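> predicted structure and sequence below. I'll ask about it afterward.
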Amino acid sequence: MKKIVLKSAFLIPTFIFAIFLIMTIIGCTSCLFGFDHDYYSCAYCNIFKGITIISIIAYLTILYLDIKLVYKKNSFNKPK
């Protein structure tokens, strides 16, 4: 169970940093191409929502698989 906690403590900040980095790159690129304020109030927010949802789904999938693996190991170690 400690492995799951350590992995969560590492993955959550990693996902947050990745989202921040991706959004910074997209923001800088769109500024260089000269997009107007409508882009930032509409498309940029939708991109952020999509990336965030994908990150949350990836994190929950990793967490689910780890918990499933822990319970599978514990069921094999029970004495009969």
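Structure received.
> make it CA atoms for all contacts and neighbour counts henceforth
Fine.
> once you drop chain neighbours, what's closest to the residue most central in space within the chain?
The central residue of the chain, meaning the one whose C-alpha is nearest the mean C-alpha position (Cα atoms, centre = their mean), is residue 55 at 2.6 Å. Excluding its sequence neighbours, the residue lying closest to residue 55 (Cα to Cα, 6 or more residues apart in numbering) is residue 15, at 6.5 Å.
> which SSE is that neighbour in?
Per DSSP states H and E: residue 15 is located in helix 2-32.
> how distant is that helix from the center of its chain?
Averaged C-alpha coordinates place helix 2-32 at 7 Å from its chain's average position (Cα atoms, centre = their mean, to the nearest Å).
> re the thing from before, isn't the residue nearest to residue 55 right up against residue 54?
No. Residue 15 is not in contact with residue 54 according to Cα atoms under 8 Å; the separation is 10.1 Å.
> those two - which one has more neighbours?
residue 15 (17 against 12; other Cα atoms under 10 Å).
> in stretch 23-31, what's buried?
Of the residues in stretch 23-31, those buried by neighbour count under the rule 16 or more other Cα atoms under 10 Å are 23, 27.
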